[in-house]
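Enquirer: When you get a sec, could you give me coordinates for this:
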Amino acid sequence: MGVLPKANDACWCGSGKKFKRCHKNATDPIRPGRISPLRPVPDTIAKPTWADGGDVERWDEPRVKSPEIIERMRRTGREAADVLAYLGTLCQPGVTTEEIDAACHQAAIDRNSYPSPLEYPGMVDPFPKSVCSSVNEVICHGIPDDRALVDGDIINLDVTLFKEGVHGDTNATFFVGQVDDISRKLVNVTRECLELGIAAARPGRPINEIGRAIQTHAEDFGFGVVRDFVGHGIGEQFHTDLQICHYYHPRQTDIIEPGMTFTIEPMITAGSYRINLWDDGWTATTADRSRTAQFEHTILITDDAPEILTTPSDTSSHPYWSLAATV
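Expert: Just a heads-up that it's a prediction; the model follows:
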């Protein structure tokens, strides 16, 4: 965010208030908050293998999906996108990420879906919530807690649903109240990076062309591209063996084929792309506390243009969703 005002200086937002009484809270480091108990999912809802304390089962899932699986993924992807669009409307000052998680959990159940992150095994403990909420310098996998959003925050919400035996995965970054110019530019450029990455995902091209397009655009604006997390194949499994780097990786030369389904989800930073990982084994932040943004779609490779499987029913609620179903 550049050089911050001192506590008694006028706030950068032009409100006329002192910085300490206006946007200071939005620049304080994000710290772990209180996490509420695990929410149950009714037994009437089909669950992935890790639910209720189970393990992730992995198998050699084909990268090219059958027409029948693709149809299920279209339906589940649309459901996930609708939940994300709804959660975006809740990103207001004073709302806690815990409240957003409760809304996500109920929205998933109302759609007869399982929130895929819930109880997903991690390096320390399973993920305890139904949505990942990553605020300001948190890159990804933030755990919802009792911290209230404040004016000037940016927040990424990552929603994945499991329904009809397949997963739909999508995320977006939202403004909370009045946001500074650098954060606004960061978020807009990150959305453009996703669009360019999707446009590069054409059959017959190597997968690393996706990362090349993203990295080139981000670095043209002086932003960093996180290397530690990648897009992934998706289908009946939450994560398959297919990996999508968001920077140019010379050895990532697998050829894109029609029928492939995977996520593109660039994480772009206003400063260093290097990360710190919290003791919870999930929450990743930028090493220099610079802000970071992310957008994600699940896409299907067709014979022509890639098809976005995670466009919501109503695309008018946020400029992100003005992106057409195909690019």
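Enquirer: Helices of the stretch 101-250 of the chain, residue ranges please.
Expert: All helices of the stretch 101-250 of the chain, identified by DSSP state H, counting those that start in this stretch, fall at 181-199, 208-220.
Enquirer: Export these as TSV, with columns for mean neighbour count and distance to Arg289.
Expert: (Glycine included, C-beta is placed from N, CA and C.) Shown next, in TSV, are the helices of the stretch 101-250 of the chain (neighbours: other CB atoms under 10 Å; distance: least, CB to CB, whole Å):
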stretch	mean neighbour count	distance to Arg289
helix 181-199	20	13
helix 208-220	21	19
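Enquirer: Next, format these as JSON lines and append distance to Asp146 and mean pLDDT.
Expert: Listed next are those as JSON lines, based on distance: least, CB to CB, whole Å; pLDDT from 0 to 100:
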{"stretch": "helix 181-199", "distance to Asp146": "23", "mean pLDDT": "96"}
{"stretch": "helix 208-220", "distance to Asp146": "33", "mean pLDDT": "98"}
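Enquirer: what's the longest helix that the chain contains packed up against?
Expert: Using DSSP state H, we find that the single longest helix of the chain is helix 67-88. When contacts are defined as 3 or more CB pairs under 8 Å, 6 or more residues apart in numbering; DSSP states H and E, helix 67-88 packs onto helix 97-110, strand 154-163, strand 166-175, strand 297-300.
Enquirer: at 7 Å what do you get?
Expert: helix 97-110, strand 154-163, strand 166-175 (3 or more CB pairs under 7 Å, 6 or more residues apart in numbering; DSSP states H and E).
Enquirer: do you know which of the ones you listed lies nearest Thr285?
Expert: In terms of CB to CB, the element of the helices and strands packed on helix 67-88 nearest to Thr285 is strand 154-163, at 12.3 Å.
Enquirer: give the contact list for the nearest residue to Ala26 once chain neighbours are set aside.
Expert: Closest residue to Ala26 apart from its sequence neighbours, by CB to CB, 6 or more residues apart in numbering: Gly152 at 3.1 Å. Gly152 is in contact with His23, Ala26, Val176, Gly177, Gln178, Val179, Asp180, counting by CB atoms under 7 Å, 6 or more residues apart in numbering.
Enquirer: who wins for proximity to Ile299 among the helices of the stretch 101-250 of the chain?
Expert: helix 181-199 (5.9 Å).
Enquirer: Please tell me how far Pro121 sits from Gly281.
Expert: Computed as CB to CB, to the nearest Å, the Pro121 to Gly281 distance reads 10 Å.
Enquirer: which residue ranges form the strands in the stretch 201-327 of the chain?
Expert: Remark: strands assigned in the stretch 201-327 of the chain by DSSP state E, counting those that start in this stretch are 224-225, 231-232, 243-244, 261-264, 267-269, 275-277, 284-286, 292-294, 297-300, 307-308.
Enquirer: just to revisit the earlier point, could you export the helices and strands packed on helix 67-88 to a markdown table, including columns for distance to Ala293, mean neighbour count and mean pLDDT?
Expert: Output for the helices and strands packed on helix 67-88, formatted as a markdown table (distance: least, CB to CB, whole Å; neighbours: other CB atoms under 10 Å; pLDDT from 0 to 100):
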| stretch | distance to Ala293 | mean neighbour count | mean pLDDT |
| --- | --- | --- | --- |
| helix 97-110 | 16 | 20 | 98 |
| strand 154-163 | 6 | 26 | 98 |
| strand 166-175 | 4 | 26 | 97 |
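Enquirer: Redo these as TSV? Include distance to Ala200.
Expert: As requested, the helices and strands packed on helix 67-88 are arranged in TSV below (distance: least, CB to CB, whole Å):
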stretch	distance to Ala200
helix 97-110	31
strand 154-163	22
strand 166-175	19
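Enquirer: So which of the ones you listed is nearest Pro40?
Expert: Nearest of the helices and strands packed on helix 67-88 (CB to CB): helix 97-110, 9.4 Å.
Enquirer: what angle do the closest one and helix 67-88 make?
Expert: Between helix 97-110 and helix 67-88, the angle comes out at 140 degrees (axes from the mean of the first three to the mean of the last three CA atoms, to 10 degrees).
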